[in-house]
Structures are given as C-alpha cells and as structure tokens.
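Student: I'd like to go over a predicted model; first the sequence, then the structure.
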Amino acid sequence: MTKPTEELLLHESRLGAGDESIADLVRKMIIKLGEDPDREGLRKTPERFEKALKFLTSGYAQNAEQLLNGATFSVAYDEMVIVKDIEFFSLCEHHLLPFFGKMHIAYLPNKKVIGLSKLARLVNMYARRMQIQERLTSQIATSIQERIDPQGVGVIVEARHLCMQMRGVEKQHSKAVTSAMLGAFRHNKQTRDEFLALVRNKAS
Ligand code: ZN
C-alpha cells in the first residue's frame with residue numbers, strides 16, 4: 001500500500017511551478033465570496049485558515065505502522081477490550097465541512113493488545129484527513145486487525161455532519177451511525193451483542 005507521504009508528493013507534482021499558497025487561494029476565495037480581504041477582521045484570516053486546515057489534515061503525514069510501533073504488548077488476557085466515547089473531529093471530503101462525534105472501539109485479543117492511549121491517537125490520525133464516515137470506521141477496524149491480529153474488532157461511529165445540519169438537509173439533531181465488525185464481531189452474535197450492550201450502557 002502506498003504510504004500517505006508518497007501520495008502527497010504524487011499529488012503535489014500536479015501543481016506546477018510558481019504555485020500559490022493555501023493562504024493566497026483563501027484570499028481569492030474571500031474576494032469571490034464578495035468580501036473584502038483587507039478589512040481588519042479578515043486580514044489575517046487566510047494565514048489562520050491555512051494553519052487550521054493543515055492541522056485538521058495532519059493525519060496524512062502519519063501512518064498506522066509508525067504510530068503503533070512499540071505500542072503493542074503481549075498479554076495472557078483474552079477478554080474483550082473496549083474503549084468508549086473517543087471524541088473525534090473530521091472533515092467530510094464532499095464539502096470540506098466538519099463531521100464529529102464519538103467512536104467506540106472493541107476487540108478480542110489474541111495474545112496482543114494495543115496501548116489504550118494509542119487507540120485515541122489512531123482515531124485522530126484517520127480523522128484528520130478528508131474522509132467519509134464509512135471509510136473512517138473501516139480504516140480503524142482494519143488497522144487494528146492488521147497490527148495485532150485479534151480474534152475480532154468492532155468499531156461504531158456516531159457523528160453529526162455540519163454539511164447536512166448547517167444546510168438544513170437533515171433534521172438538525174440527527175446522527176449518522178456506522179459500524180465495522182470483523183472476525184468474531186461479525187461471526188459471533190454473542191460477541192457482537194456484548195459489544196453493543198457495553199456501548200449502550202450509559203451508566204458508566
Ligand atoms: Zn458533506
């Protein structure tokens with residue numbers, strides 16, 4: 001699989017010489033939208049937007065292999081590991097507007113586990129890219145599967161999409177829910193039900 005950094009270089013080769021910065025383009029965009037980029041409140045907006053957008057897409061500069069390197073541990077534990085309510089913020093690739101919410105990740109170890117804080121970093125890595133919720137969900141499940149080869153992985157993502165909510169396309173408070181179930185979470189109803197029950201348990 002091509003590493004994200006190699007992909008970046010490939011796409012950058014399309015830009016040609018004398019290319020403008022993101023800030024230059026944002027300045028033009030502000031003019032096209034009918035605003036004055038030189039008025040006080042907007043003067044530094046192009047640079048601020050470039051900085052923010054680069055942070056929000058900083059996941060392209062990372063890959064799961066590097067991120068989880070040295071963060072997997074051998075254990076005798078074989079009960080379900082579940083991390084609930086991991087907050088994330090991403091950008092929908094269709095509108096470049098935020099979608100955000102909570103992610104619930106579970107897996108059944110097969111002699112190996114991942115450091116808990118690394119799961120949150122893995123979520124950030126994939127969320128800080130141009131995404132669709134379905135791909136974000138399956139990428140996280142697949143990368144856990146690939147790194148520690150567990151008996152199964154389950155990922156549930158609940159998110160609100162500003163491209164729908166701000167434009168009034170959907171009911172203001174509707175949430176999109178996606179899931180990816182691999183291995184035992186797909187084939188074993190009991191495992192899947194245990195995961196779903198733990199996710200629904202709001203008492204904790
Ligand atoms: Zn969208």
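Tutor: Structure's in. What do you need?
Student: who's in contact with residue 24?
Tutor: Taking Cβ atoms under 8 Å, 6 or more residues apart in numbering as the criterion, residue 24 is in contact with residue 46. The way it works is simple: take the backbone N, C-alpha and C, and place the C-beta from them, glycine included.
Student: could you point out which element follows whichever strand or helix holds it?
Tutor: Assigned by DSSP states H and E, residue 24 belongs to helix 22-32. If you walk from helix 22-32 toward the C-terminus, the next helix or strand you reach (DSSP H and E) is helix 45-56.
Student: hmm, who's touching that following helix?
Tutor: Applying Cβ under 8 Å, 6+ apart, the external contacts of helix 45-56 come out as 21-27, 30, 37, 89, 91, 128.
Student: next, the buried residues of the helix holding residue 24.
Tutor: Of the residues in helix 22-32, those buried under the neighbour-count criterion (16 or more other Cβ atoms under 10 Å) are 23, 26-27, 30.
Student: please confirm that residue 182 is located within a strand.
Tutor: Yes - assignment of residue 182 by DSSP: H, G, I helix; E, B strand; the rest coil places it within a strand.
Student: check contacts around it.
Tutor: Applying Cβ under 8 Å, 6+ apart to residue 182 gives the contacts 141-142, 145, 152-154.
Student: ok, of these, which come out buried?
Tutor: Applying a neighbour-count criterion of 16+ other Cβ under 10 Å, the buried members of the contacts of residue 182 are 141, 145, 152-154.
Student: looking at those, which is nearest residue 78?
Tutor: residue 152 (11.5 Å; Cβ to Cβ).
Student: what is that closest one paired to in the beta sheet?
Tutor: When assigned by DSSP bridges, residue 152 has beta-bridge partners residue 108, residue 183.
Student: pLDDT score for it?
Tutor: Turning to residue 152, the model gives it a pLDDT of 97.
Student: I'd say it and residue 183 touch.
Tutor: Yes - with contact taken as Cβ atoms under 8 Å, residue 152 and residue 183 are classed as touching, separated by 3.1 Å.
Student: anything in contact with each of the two?
Tutor: With contacts taken as Cβ under 8 Å, 6+ apart, residue 152 and residue 183 have residue 108 as neighbours in common.
Student: could I get the buried residue list for the longest helix belonging to the chain?
Tutor: As assigned by DSSP state H, the longest helix anywhere in the chain is helix 133-148. Neighbour-count burial for helix 133-148 flags 133, 136-141, 143-145, 147-148 (criterion: 16+ other Cβ under 10 Å).
Student: run the contact check for that helix versus the ion.
Tutor: No - judged by Cβ under 5 Å from the ion, helix 133-148 stays clear of the ion, getting no closer than 9.5 Å.
Student: list the helices and strands that helix packs on?
Tutor: helix 64-67, strand 81-92, strand 98-108, strand 112-114, helix 116-127, strand 152-161, strand 176-183 (3 or more Cβ pairs under 8 Å, 6 or more residues apart in numbering; DSSP states H and E).
Student: for the ion, find the nearest of the ones you listed.
Tutor: strand 81-92 (3.3 Å; Cβ to the ion).
Student: and that closest one, which strands flank it?
Tutor: strand 98-108 (antiparallel), strand 130-131 (parallel).
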